[in-house]
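Participant: I need the structure of the sequence given here:
(one chain, ligands or ions: 3)
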Amino acid sequence: MAGGEFALIAQLRSRLGTAGKGVRLGIGDDAAWLDPAGRQLVATMDTLVAGRHFFSDVRPYDLAWKALAVNLSDLAAMGAEARWCLLGLALPSRAAGYGAWLEDFMGGWRALAERHDVTLAGGDTVATDGPLTLSVTALGLVDRSVMRRDAARPGDRIWVTGSLGDAAAALDLALMERGREGHRVLCSAIQREALEARRLRPTPRLELGEAAASCGVRCALDCSDGFLADLGHILEASGVRAHVALDALPLSPELADLARTDSERLRRWPLTGGDDYELILCAPPSLSAALRQAAAARGLRLTAVGRILSADSGSSAAVILTWRDQVVPLPAVWGHVHAL
Ligand SMILES: Nc1ncnc2c1ncn2[C@@H]1O[C@H](COP(=O)(O)OP(=O)(O)OP(=O)(O)O)[C@@H](O)[C@H]1O
Ligand SMILES: Cc1ncc(C[n+]2csc(CCOP(=O)(O)O)c2C)c(N)n1
Ligand SMILES: [Mg+2]
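Facilitator: Ligands and ions are numbered 1, 2, ... in the order given. Predicted structure coming up:
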């Protein structure tokens, strides 16, 4: 980008890059100089592409929130304390320029960054002939071991924070509104607003992630591709299987209302929908009380949804799904999410 790039960076620097904890040198030099103060560093990156991860007409405020939230959610799943971010922007040319866009974008970024005391320490800005693309690197700190996806053990309880499926239902609504292929959803304006807020502004469960790791939980992952697909990552990495009780999956009141009359939806949205950004945790029963307490202290819903089984127990399926204690078939996992 020509001159506009430097004006844009100056804005980001003055509004988002002000001195933060451990920032020796932030936006403005060839690289950021950061001080983890003797702690261990956890690093993650997620990229959002217009048309694939968000609709091009998204409000910049919401886009910024989501780009940051999905990365903080990865730190939460490791049990890390979020500290710094780098922001990569690939911007297609726009008749209206990026002045007003950036103003709104920075508002959304700041709202979430301030909540977790995360500083923008650097990034990169380029022009592109392709779609608007944002790539965020998030850096966090831990003092002890992280939670890993290969650490589930037979006998562990499987826990889920918050509720599942709202964002997927909202995506169906948004697709229908745009005349695109989606599943028909009939709901009130109030229900729609609640679901849409979950799709647009996910809440990274950083406090619970840190607390769970402190309680001794060794296995977690954040749920972005859909509960079944993400649980599948844990099962594969850990070499185990699982039993999941479909009737135990936590639903928001709005989704429970919509799914009441339709068990197919009840299965699809929370199990395969994606974009939830809740944590899936696996922990031995001896940690259940401490985990429940950690969630209650933060006003966060935490639900036991199943159990980890050993690889050689019973049937060959990785996940045994039950509904009212009867085994039910697994829905097809949403294949196109990762089609390259
Ligand atoms: N291009 C890449 N180069 C190096 N490592 C990569 C690359 N893409 C992914 N990875 C690594 O692969 C692992 C899995 O990444 P993946 O993006 O599937 O998980 P995730 O970020 O938890 O999920 P999601 O992106 O759906 O939120 C991570 O360790 C990630 O750092
Ligand atoms: C416009 C639009 N279409 C589809 C979706 C749904 N979606 C896209 S990627 C993804 C999983 C995480 O992605 P990744 O694994 O690539 O990080 C999900 C649930 C959306 N949010 N917006
Ligand atoms: Mg990723």
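
Participant: Kindly confirm my reading that residue 152 is in a strand.
Facilitator: No - applying DSSP: H, G, I helix; E, B strand; the rest coil, one finds residue 152 to be coil, outside a strand.

Participant: burial of residue 312, as a residue count?
Facilitator: Residues near residue 312, counting by other CB atoms under 10 Å, number 8. Where you see a C-beta, it was placed from the backbone N, CA and C, and this is true even at glycine.

Participant: can I assume it sits in a helix?
Facilitator: No - the assignment for residue 312 (three-state DSSP) gives coil, which keeps it out of a helix.

Participant: For it, give its distance to residue 151.
Facilitator: For residue 312, the distance to residue 151 equals 19 Å [CB to CB, to the nearest Å].

Participant: Contacts for the host helix or strand of residue 123, please.
Facilitator: Assigned by DSSP states H and E, residue 123 falls within strand 119-128. Here strand 119-128 makes contact (CB atoms under 8 Å, 6 or more residues apart in numbering) with 1, 5, 8-9, 12, 16-21, 23, 26-27, 31-32, 34, 83-93, 109, 113, 139.

Participant: Tell me where the stretch 201-340 of the chain has helices.
Facilitator: Using DSSP state H, counting those that start in this stretch, the helices found in the stretch 201-340 of the chain span residues 206-215, 227-238, 253-259, 263-272, 288-297.

Participant: Mean pLDDT lowest where, among these?
Facilitator: If you rank the helices of the stretch 201-340 of the chain by mean pLDDT, helix 263-272 sits at the bottom with a mean of 83.

Participant: Around the residue of the chain found nearest ligand 1, how many other residues sit close by?
Facilitator: Going by CB to the nearest ligand atom, ligand 1 is nearest to residue 224 of the chain, at 3.7 Å. Close neighbours of residue 224, defined as other CB under 10 Å, add up to 20.

Participant: That one and residue 274 touch, don't they?
Facilitator: Yes - taking contacts as CB atoms under 8 Å, residue 224 lies within contact range of residue 274: 6.3 Å.

Participant: Show me what from the protein comes close to ligand 2.
Facilitator: 46, 52, 53, 54, 55, 171, 224, 225, 274, 275, 337 (CB under 6 Å from any ligand atom).

Participant: One more pass at 5 Å, please.
Facilitator: Proximity of the chain to ligand 2 is confined to 55, 224, 225, 274, 275, 337 under the rule CB under 5 Å from any ligand atom.

Participant: could the residues you listed be laid out in JSON lines, adding pLDDT?
Facilitator: Shown next, in JSON lines, are the residues of the chain next to ligand 2 (pLDDT from 0 to 100):
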{"residue": "55", "pLDDT": "97"}
{"residue": "224", "pLDDT": "97"}
{"residue": "225", "pLDDT": "96"}
{"residue": "274", "pLDDT": "94"}
{"residue": "275", "pLDDT": "97"}
{"residue": "337", "pLDDT": "49"}
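
Participant: Just flag the most distant two among those residues.
Facilitator: The largest separation in those, counting by CB to CB, is between 55 and 225 at 18.8 Å.

Participant: So those two - more neighbours on which side?
Facilitator: Neighbour comparison, residue 55 and residue 225: the larger count goes to residue 225, with 19 against 14 (by other CB under 10 Å).

Participant: Give me the secondary structure label for the nearest residue to residue 273 once chain neighbours are set aside.
Facilitator: Of all residues not flanking residue 273 in the chain, residue 168 sits nearest, at 2.2 Å (CB to CB, 6 or more residues apart in numbering). Assigned with three-state DSSP, residue 168 falls in the helix class.

Participant: quick one: low-confidence parts of the stretch 1-150 of the chain?
Facilitator: Within the stretch 1-150 of the chain, the ranges that satisfy pLDDT under 70 run 1-3.

Participant: residue of this structure with the smallest distance to ligand 2?
Facilitator: Closest residue of the chain to ligand 2, CB to the nearest ligand atom: residue 274 (2.8 Å).

Participant: I figured that residue hits residue 202, correct?
Facilitator: No - the pair residue 274 / residue 202 is not scored as a contact, 10.9 Å apart, by CB under 8 Å.

Participant: who touches both of these two?
Facilitator: Common contacts of residue 274 and residue 202 (CB under 8 Å, 6+ apart): residue 167.

Participant: Can you get me a residue count around residue 97?
Facilitator: 12.

Participant: Can you tell me the closest non-neighbouring residue to it?
Facilitator: Counting by CB to CB, 6+ apart, the residue nearest residue 97 is residue 4, at 7.0 Å.

Participant: so what's residue 290 closest to, chain neighbours aside?
Facilitator: Leaving aside its sequence neighbours, residue 290 sits nearest to residue 215 (CB to CB, 6+ apart; 4.4 Å).

Participant: Ok, residue 212 next?
Facilitator: That would be residue 281: by CB to CB, 6+ apart, it lies 5.6 Å from residue 212.

Participant: right, and that neighbour touches residue 222 too?
Facilitator: No - in this structure residue 281 lies outside contact range of residue 222 using CB under 8 Å: 10.2 Å.

Participant: Narrow the contacts of strand 119-128 to those in helices?
Facilitator: Using DSSP state H, the subset of the contacts of strand 119-128 located in helices is 5, 8, 9, 12, 16, 109, 113.
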